[in-house]
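Undergrad: Below are the sequence and a predicted model for it; my questions follow.
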There are 6 protein chains.
Amino acid sequence: MLTDLSPDQLATYRSSQTAPGGFDEFWAETLAEAGKHDIDVRLHEVTTNLTTLSTYDVTFRGYAGQDVRAWLRVPAHATGPLPTVVQYVGYGGGRGHALENLLWASAGFAHLQMDTRGQGSGWSLGDTPDEAPSQPQVPGVVTRGILDPATYYYRRMFTDAVRAVDAARSLDVVDNARIAVLGGSQGGGNALAVAGLRDDLAAAVAFVPFLCDFPRALQVTESYPYKEIIDYLVVHRTDVDAVRRTLAFFDGVNFAARASAPALFSAALRDTVCPPSTVFGAFHEYTGDKQIEVWEFNGHEGGGILDEARALEFLRGRLGAGGI
Amino acid sequence: MLTDLSPDQLATYRSSQTAPGGFDEFWAETLAEAGKHDIDVRLHEVTTNLTTLSTYDVTFRGYAGQDVRAWLRVPAHATGPLPTVVQYVGYGGGRGHALENLLWASAGFAHLQMDTRGQGSGWSLGDTPDEAPSQPQVPGVVTRGILDPATYYYRRMFTDAVRAVDAARSLDVVDNARIAVLGGSQGGGNALAVAGLRDDLAAAVAFVPFLCDFPRALQVTESYPYKEIIDYLVVHRTDVDAVRRTLAFFDGVNFAARASAPALFSAALRDTVCPPSTVFGAFHEYTGDKQIEVWEFNGHEGGGILDEARALEFLRGRLGAGGI
Amino acid sequence: MLTDLSPDQLATYRSSQTAPGGFDEFWAETLAEAGKHDIDVRLHEVTTNLTTLSTYDVTFRGYAGQDVRAWLRVPAHATGPLPTVVQYVGYGGGRGHALENLLWASAGFAHLQMDTRGQGSGWSLGDTPDEAPSQPQVPGVVTRGILDPATYYYRRMFTDAVRAVDAARSLDVVDNARIAVLGGSQGGGNALAVAGLRDDLAAAVAFVPFLCDFPRALQVTESYPYKEIIDYLVVHRTDVDAVRRTLAFFDGVNFAARASAPALFSAALRDTVCPPSTVFGAFHEYTGDKQIEVWEFNGHEGGGILDEARALEFLRGRLGAGGI
Amino acid sequence: MLTDLSPDQLATYRSSQTAPGGFDEFWAETLAEAGKHDIDVRLHEVTTNLTTLSTYDVTFRGYAGQDVRAWLRVPAHATGPLPTVVQYVGYGGGRGHALENLLWASAGFAHLQMDTRGQGSGWSLGDTPDEAPSQPQVPGVVTRGILDPATYYYRRMFTDAVRAVDAARSLDVVDNARIAVLGGSQGGGNALAVAGLRDDLAAAVAFVPFLCDFPRALQVTESYPYKEIIDYLVVHRTDVDAVRRTLAFFDGVNFAARASAPALFSAALRDTVCPPSTVFGAFHEYTGDKQIEVWEFNGHEGGGILDEARALEFLRGRLGAGGI
Amino acid sequence: MLTDLSPDQLATYRSSQTAPGGFDEFWAETLAEAGKHDIDVRLHEVTTNLTTLSTYDVTFRGYAGQDVRAWLRVPAHATGPLPTVVQYVGYGGGRGHALENLLWASAGFAHLQMDTRGQGSGWSLGDTPDEAPSQPQVPGVVTRGILDPATYYYRRMFTDAVRAVDAARSLDVVDNARIAVLGGSQGGGNALAVAGLRDDLAAAVAFVPFLCDFPRALQVTESYPYKEIIDYLVVHRTDVDAVRRTLAFFDGVNFAARASAPALFSAALRDTVCPPSTVFGAFHEYTGDKQIEVWEFNGHEGGGILDEARALEFLRGRLGAGGI
Amino acid sequence: MLTDLSPDQLATYRSSQTAPGGFDEFWAETLAEAGKHDIDVRLHEVTTNLTTLSTYDVTFRGYAGQDVRAWLRVPAHATGPLPTVVQYVGYGGGRGHALENLLWASAGFAHLQMDTRGQGSGWSLGDTPDEAPSQPQVPGVVTRGILDPATYYYRRMFTDAVRAVDAARSLDVVDNARIAVLGGSQGGGNALAVAGLRDDLAAAVAFVPFLCDFPRALQVTESYPYKEIIDYLVVHRTDVDAVRRTLAFFDGVNFAARASAPALFSAALRDTVCPPSTVFGAFHEYTGDKQIEVWEFNGHEGGGILDEARALEFLRGRLGAGGI
């Protein structure tokens, strides 16, 4: 059953979201504040029993200079500089285990997979805390600090994500002219945010991205994690306007309107978690070169491995072939 | 369907939980640390359109001197000193609205209802943040900081709960010799913790208490919020021992073994959220005078209003009749 | 996910329901028949351990002179005459326990809470039987006697509700010029019916009312208790017309078109039990002064305590402040 | 998953139910009271387009002389006297449509299928009201009037069932020496009750019977309709003893201990609606010749058509071959 | 809740499905190939303990000459030739037990009930295998061989269904001028296919037919068995076009456009398994005389016994009264 | 909630399953019959954009000489002979996409991942048909041909699995003395079957294996895919003995009792799909060196990546380090 717009309707749909006054200043200040802390990347090679890849446990300074973890995977014996993928993780997960997620390094890319502050217990492990007071909130992070852009959880996470590119740029193995950001769901939302906040990326990939077009998402889905916001407003009945205002500072629609890197999106017509209209809401505003893969019968799994295969083709076209 | 022990088995069941080494020191230090901060109770009367009761918005200093909110309700024109009920709230809720929960003041008691740090968005509003870094965790608070007793969420909340009694004691309307602690579910877990950590209470009431007998709870229930711990261990497979150790510092079984105030418990034979065996695990260790009401056909709602009516009788017997 | 009309659509929506021929005669005869029985109010004060309120167990004669129970709660020592709230209860509940529902009396009103014939076992206790033969029906009361207006369950219940106001009027503590009817869900449906059948009310309050705009309700909801009607028609396939005809005699839309008391409604945009369009169906026909509170993110819980706080303001404006 | 006892345990299980004092007197008086009304059987042949069977719409006087409906189906042109099956229907259903349930008449039996008072809207149509006041109850009939044996719903229904045999005996086409009672689930509970209250039956058949061994049923199942009783006790917390007492007057275990007709039971090991232990609870007490078919992998559907095929064999053995 | 089109919309809805190139040739070749095998009907009378009917176990040669089973039921002692109903079974079921489904023979028809290859384990027993290799597929048969019309499961089943009429025509008891095909759900889909592939039928009856208007079905339902196709396409993302092409060869819309026998359809407005629009998609294209019964409040159960009663009237009108 | 035995009980539990007469002959004949067909391995390198690995599309002859597909992945430029892992896939999946499952080759092993006949549409793609007639069955493959060992689906699949090792042995890159079989769930069941049917393996790994200890599985789980058997027996009530007999020829318990390769098992205490007792049923009978990893809080996901990391350690210990 189609639960959202039809393909024809998606082609012409436009989000009602707009950037609130002070959007650019808010992010400029936020990143400037983080920038006061040295990126301070620390690498420790880990033993994995893998023979074709080398893996490093990475720590860098993210929001407010707080330590953020990541994995760096590269082809064994690669000398670089390599084309590079900075990856962000979906909701509830962390950077996971060193033996997981071998695709990008096996394809000859440097692969920096950022951890997710305070999550990392739902389906893959994380190692990074979220250091901030927690106002009354519903379980999860989507309503943490939601009454004010300054305290909202995603202010911290998006800043980490921007800084992860700085961390990558500091590494010898990375070719700074060939860095892409990539992620699915929440990871896709991060990728779009970074694409809107940096102008030095070679490409951006967002599979079925979360955190896009909140006004419509709150109308058309009852699925988590968007539903955390609804649960919050069910109890915080008088805070609807404050919440809407905060969300506008973090909406992929607004980041898309500021992005320049070539981008690949995907959307799925039966996705009730990140409904396709919300993805198209961001896609249509995206100001760089862009393409979108639409999966007619899929839900939030989107194209699955075909999305990744498609992204691998796309990134080879933009960043060149991987090394070994 | 009985999903836990039968009444006969409950009568003889004993929990396997024991106090870990350093239990008393841990709590002594924790409370001493909090005690360095003045309780600093602030009261503001609020307008409610009620004619029989007066209501005050209360703020006091809890864990680490952080501000904790509460409601104080008293019979209008009461001069005191009154018998007093300090109440703690169930999981996900906060102190709620000033117009809610009128029973205890209508019965002539001073009624101090403590807010719940960082919760208060699930079914009733809260106004108190949880100020602490959040390690990777599953949604909710039950696994927040769970790898170490020092960082565990309930260290902060139980300390708030102990301090709420100090806040009550500082009020003129309160008769310090006639203070009871009371709560259901998580609120009951708090009441037991306070009963184990203070020796100046006139009574304690715990309806279907949560946070009791973790070793058994993890065996016999798949319901939230205990299931948050299971969800955590599903992913954090190598942290089972650390989690068990932390939980032992917060188990109602261990607090019960240190309590002296006369206590009223309730348990429900079909309660899958706080299974009756876990309640009996604490009840059997309780070292003060004690009685327990068992509801044969109820789930976690327990005795509902009958539990409260029963508690009102019980507290009138221990604290004397309310004033007006 | 919005499951019903948007705010803009609600503003212009009109119900297709119309009063069937003989509507007014049917109700005139029904009430006249009940009126042949003396109201015969009996009061017995009950012991509650409350010090600020007095509570009475009330019995009066309702439909066909059958005994109907209620609670009367008033401020202790109140002499009256007081502004008065006659309250009706939601589906499945009864008048409950004497210690519950203290708000209205604590605000200085006389509060008469009517029991619900034959229900009162779902979430709060009742003490009043439904004396009538039961034709084949689906579980619940919504299809009891539904093939004929004369035998329909709500003929009896609405008559009880009208008579409850007569019962209130007979009491010394009640100021007959300051009586309001109030209820949520089924209780709101009762309040609207009484508002349409009496012209001596000072106000009416209906939170997320049930029993409104049946033609639309049968189209847009699959939730109980409306679904009882659908379940019935699934089996009684040839009785669709008879059922529609009966329902028209009990539709809040038709009562609203005959009401004169100032009214406060509430509706919730995500209410699948009593969809907002069905509430607006009644609201738009309401012929007295009216206002409606709309909760954007709530389901059938509507505004919860905020609905009650709002009603308290509203009734103080219409009936004056409560006594003590 | 086995949700009840294993076959070995079932073989030795005995119910804890016993007949309460006054059991036999209660039923003797109940039936005597009904017996004061003439059975007054009225038959009207109906047009069905069937060529091999004749069908009659039957009305007789049941409990308190109230009219009860039934279908009579016989082979077309049968002259009788025929062996006869009096059938009772499962929970929620009525006698259904004239074209349904052709098996027994096609096998050459007279087949009297009794309607179910006040039900008949859940899955098959009924035409018989339940004429009695309805105390507060949970939806359904299992708790209707449950506080007193005199007012309990099944007093009326079991009396109807006993009277249905009287109705059959009054018909020329029926061979009074060859009447069996039969039913599944609630129908099986009726068959057992009739077998315990009459001594003129040639056989009794009870497939997966309901209304047996209440003490165990309330322990081992959470399925409806037994769960109606649990739902009731969840709210009516102080009526547990009264409910247990009433149920003892209607328990198939007690009727089985008074039965003499040869009987066929069936039970299913994965039946969570009428758990096999409750069936064995009645079976082991059954004082006539008896046999039981046990279905290892089935739920409440039991043996389905194989139960009926087995019953047809069994009844041909006890009552002789059908006519034509 | 209406989950599909309203009655007004259904009246004007037209399916987008069209017959693919080669449709008629495909079926001509398929049936010609089957026709190379003699029908070879084998009958064995079975003992059923029924006295009004005779029952035969039938075997005939279906697709590729493979043996297909059926039941033949006729009035006992009927000499014929009789009007005849060839019936097809719903999804997951087989021909069932000899004692089931007595209606049509009891009404004086010869009744040939065809078994369902490879199903017959879901709710009624089957005895016929599906002899063909099974490509990777989702559980069930709806995606078995779906990448090519030549290998699709329903090619084999529809051919069996056409041949079942040949089998009936070979029997002395059957009046070849008075044969109807009939079925519900999948059985209705079979009846429509046969009606489109034969020109010698006296009538066709399709209750809530499955396998109609696939383009719309894939848009408007998430229920099984249509959902098997969606599940398949979720994984076989690149095979969407091949699957659509195959389905067009088996769509009741295309068979309806080639049918000539008078037909009775039924549809149910709340049917989420075979949504009413898909039924109307076929109905509107049906080229013979036609009528449709619409059930406003029913789901996939449609009219139930009323559908059968209606069909009995309809077939008596087209085929004449049954014999005995 | 523990849904199966406790750790202590698991340590002493023994399965009741025993090898039926003719077990060894059945398998000897089955494999001999397959052995009449040349293994005929065909390799085609595929383009994947990976730079560290080479991937080949493999076809070999399995059961009855039918073509079975697989992926072969090896480190790019590896010359071999390499230690080798032959992997089998879980229920519903196929060999998937060439870009998936890179772990074993990245660790320096030759990795042959066998496709799954007739499945491969549930969560990962397959390319191999199941060529055999399909008797009436429930959806899925677990009851396909279940009435006779000769026709049972797993006869064909286990034979494919044995032949996959022959296919591996025929490759130059494979070191025949260092071949392990490995799989999870259904793949683990395959690995155990192969371990019981071959004596030339260096190791076997079975994560939470399916297809073990059917007698207990049918008692303790209601989860699919074991439940397919229960669903079948619900309808095929008289085939219980035949089904039990067939299953005994395919039970991992019986294969374990014939195995010699060192083995690593895993089990999860909250696994309701493959309950831990059924895994221990096989483990305790295993006649080679053995060890088992038990996950206390996990369900059927078992140890997830930790199971794989553990297996990598285990296989490096048995087969030596991988090459590059």
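TA: Thanks, I have it.
Undergrad: List of residues touching the helix or strand bottoming out on mean pLDDT in chain A?
TA: For chain A, counting by mean pLDDT, DSSP states H and E, strand A:130-134 ranks last in confidence among helices and strands (a mean of 91). Contact with strand A:130-134 is made by A:64, A:66, A:117-118, A:141, A:144-145, A:151, A:153, A:156, B:118, B:129-134, as judged by C-beta atoms under 8 Å, 6 or more residues apart in numbering or on different chains. For the C-beta atoms, the positions are set from N, CA and C on the backbone; glycine is no exception.
Undergrad: May I have the strands that pair with that strand, each with its orientation?
TA: Strand pairing for strand A:130-134, using DSSP bridges, gives strand B:130-134 (antiparallel).
Undergrad: Can you get me the centre-to-centre distance for the partner strand and its chain?
TA: Centroid separation for strand B:130-134 versus its chain: 20 Å, with C-alpha atoms, centre = their mean, to the nearest Å.
Undergrad: need the helices for the stretch 101-250 of chain A, in chain order.
TA: Listed in chain order, the helices of the stretch 101-250 of chain A (DSSP state H, counting those that start in this stretch) span residues A:103-106, A:153-169, A:186-197, A:214-220, A:226-235, A:240-248.
Undergrad: Quick one: residues contacting A:V46.
TA: Contacts for A:V46 were tallied using C-beta under 8 Å, 6+ apart; they are A:55-57, A:98.
Undergrad: which of these sit farthest apart?
TA: Across these, the longest distance by C-beta to C-beta is 9.2 Å; it joins A:Y56 and A:A98.
Undergrad: Which of the three states applies to A:V74?
TA: Three-state call for A:V74 (DSSP: H, G, I helix; E, B strand; the rest coil): strand.
Undergrad: just checking, it touches A:D172?
TA: No. A:V74 is beyond contact range of A:D172, at 10.6 Å (criterion: C-beta atoms under 8 Å).
Undergrad: any shared contact partners between those two?
TA: Counting by C-beta under 8 Å, 6+ apart, the shared contacts of A:V74 and A:D172 are A:G80.
Undergrad: Looking at those two, which is more packed in?
TA: For A:V74 versus A:D172, neighbours defined as other C-beta atoms under 10 Å in any protein chain shown are more numerous around A:V74 (27 against 10).
Undergrad: how far away is that one from A:V173?
TA: Distance, A:V74 to A:V173, by C-beta to C-beta, to the nearest Å: 6 Å.
Undergrad: Pull up the overlap in contacts between the two.
TA: A:80, A:82, A:110.
Undergrad: which of these has the most neighbours?
TA: Going by other C-beta under 10 Å, A:A110 tops the shared contacts of A:V74 and A:V173 with 28 neighbours.
Undergrad: what's near enough to touch that residue?
TA: Counted by C-beta under 8 Å, 6+ apart, A:A110 has contacts A:72-74, A:78, A:80, A:82-85, A:168, A:171, A:173-174.
Undergrad: so who does A:T79 touch?
TA: So A:T79 contacts A:173, A:323 (C-beta under 8 Å, 6+ apart).
Undergrad: The one residue in the stretch 201-324 of chain A that gets nearest to chain C: neighbour count?
TA: Nearest residue of the stretch 201-324 of chain A to chain C (C-beta to the nearest C-beta) works out as A:L233 at 3.9 Å. A total of 23 residues lie near A:L233 under the criterion other C-beta under 10 Å.
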